[in-house]
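Colleague: Fold the stuff below for me.
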Amino acid sequence: MKRYALTLGVLAVLAVGTLSTANAARTHIIRYGDTLWDLSIQYYSTPFNWEDIMRANPSLEGVEYLRPGEELIIPDIYGETVQLSQASEYPSGVYTTSGSSSRPMLSRLVLETTGMVTDTPPQPSGYVIDTDLEEEDPFDDIHSYPGDLLAIDIGQSDGVQQDMVFRLCKTGGPVYHPETGADLGEVIRVSGVCRVVDVDPNSSVALLEHAYLPVTYGDFLLPYDAAEPVPVATAQTVENLDAYVIAFRDPQSERAYSFDVLYIDRGSLQGLQPGDIYAMFRYGDQVLSPDSRTLQEPDVPVAEMIVLDTTDDTAAMLVFSISTSDLIRIGDRIELVREQL
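Modeller: Residues are numbered from 1 along each chain as shown. Below is the predicted model:
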């Protein structure tokens, strides 16, 4: 496929997005040490909306390119007037929960990039065949990041049309149960979301609009489905449904921190639903009291996780609270503490 330059139509779409966002947004002058994560906490009381700030500032090359003194648009994500473009297929806004502020707040992009562990991988719609098309140097186009152009191997003959949206995915290594050693399948990680901007008979050019991982040659495409809000469970569970942590979304992670996504060995067939809450406990020891009685210390919850999505036998979860320096590892056992009615 020929190298592709942005058409006037695409530039117009981006310009409309910038103007419409600016009309209903605040601005922030970047200071030394600012990060999109911290700015999201400052303006939205949650770190999850850093991607919304990045998308509202198309001139920002990446999260590492915050230059002190420059101005950022802070979009009004709670209002219906803020849209990236009239043709956008994304639902606008943030998914929140009512009630206590200690409940997790889940952004759309968190829900749409959870990935899964499965023994029945989804059928790809197509594949990435070239990355960072605007770069001529072959050593500069190994990876693609938000704002870059991709070539994909499906086109008009496959039913592809301009403005169609796809999720980009990677296949990770096999996953084995930490206790039994059983083969649970493989990790499917979402590397990004792209929108088709130009279509040829047998291939297309897509704009990478969001990336969680670097997008590379061979990443496969799945149809984009907008995430639905996740209601947070409030009912205390009476069911004993322990689970084991079997993998992390981040392939480089050895332990999970707050706001990380992990996978467990329970799914919809065991009754799990999005919004169910698990906890990891520090189990109490038997101790001798000053009056020589043997007592059992209470079990203390040290981390909480919410189910984002399920397969038949596994689930993806977000860590939304952790209060221990002994972070979550693969093989840790967790307990269901709240579930949907």
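Colleague: Going by C-alpha atoms from here, please, whenever you check contacts or count neighbours.
Modeller: Fine.
Colleague: So which elements touch whatever helix or strand residue 338 lives in?
Modeller: Here residue 338 sits within strand 333-339, counting by DSSP states H and E. For strand 333-339, the elements it packs on are strand 235-236, strand 243-248, strand 277-282, judged by 3 or more C-alpha pairs under 8 Å, 6 or more residues apart in numbering; DSSP states H and E.
Colleague: Residue 298: neighbouring residues, count only.
Modeller: Using other C-alpha atoms under 10 Å, residue 298 has 12 neighbouring residues.
Colleague: likewise residue 221?
Modeller: Neighbours around residue 221, by other C-alpha under 10 Å: 26.
Colleague: Kindly report the same for the one 4 residues further on.
Modeller: By the criterion of other C-alpha under 10 Å, residue 225 has 12 neighbours.
Colleague: repeat for the one 10 residues further on
Modeller: Residue 235: 13 surrounding residues under other C-alpha under 10 Å.
Colleague: For it, give the beta-bridge partners.
Modeller: residue 339 (DSSP bridges).
Colleague: Okay, it and residue 321: tell me how far apart.
Modeller: According to C-alpha to C-alpha, to the nearest Å, residue 235 and residue 321 sit 18 Å apart.
Colleague: got it, and residue 39?
Modeller: 20 Å.
Colleague: for residue 185, same thing?
Modeller: Taking C-alpha to C-alpha as the measure, residue 185 falls 28 Å from residue 321.
Colleague: related to what we said a few turns ago, least confident of the helices and strands packed on strand 333-339, on average?
Modeller: Within the helices and strands packed on strand 333-339, confidence is poorest for strand 235-236, with a mean of 74 (mean pLDDT).
Colleague: For that one, name the packing helices and strands.
Modeller: strand 333-339.
Colleague: Pretty sure residue 49 sits in a helix.
Modeller: Yes - checked against DSSP: H, G, I helix; E, B strand; the rest coil, residue 49 lies within a helix.
Colleague: what's the neighbour count on it?
Modeller: Neighbour tally, residue 49, other C-alpha under 10 Å: 27.
Colleague: just residue 312 next, same as before
Modeller: If you count neighbours by other C-alpha under 10 Å, residue 312 ends up with 15.
Colleague: picking that back up, out of the helices and strands packed on strand 333-339, flag the one nearest residue 206.
Modeller: Residue 206 lies closest, by C-alpha to C-alpha, to one member of those: strand 243-248, at 28.1 Å.
Colleague: List of residues touching the next helix or strand after that closest one?
Modeller: Next in sequence after strand 243-248, counting helices and strands by DSSP H and E, comes strand 255-256. With contacts defined as C-alpha atoms under 8 Å, 6 or more residues apart in numbering, strand 255-256 is touched by 248, 262, 319, 327, 328, 329, 330.
Colleague: circling back: from the chain's centre, how far out does the strand holding residue 338 sit?
Modeller: Relative to its chain's centre, strand 333-339 lies at 22 Å (C-alpha atoms, centre = their mean, to the nearest Å).
Colleague: Other residues contacting it?
Modeller: By C-alpha under 8 Å, 6+ apart, the residues outside strand 333-339 that reach it are 233-237, 239-245, 272-273, 275-281.
Colleague: Dump it to CSV, restricted to CA.
Modeller: Provided in CSV are the C-alpha atoms of strand 333-339 (Å, rounded to 0.1, in the frame of the first residue of the first chain):
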residue,chain,number,x,y,z
ARG,A,333,-6.2,-16.2,46.3
ILE,A,334,-9.1,-13.6,46.5
GLU,A,335,-12.6,-13.8,47.8
LEU,A,336,-15.9,-12.6,46.5
VAL,A,337,-17.3,-10.1,48.9
ARG,A,338,-20.1,-8.2,47.0
GLU,A,339,-22.2,-9.4,44.1
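Colleague: Thank you, goodbye.
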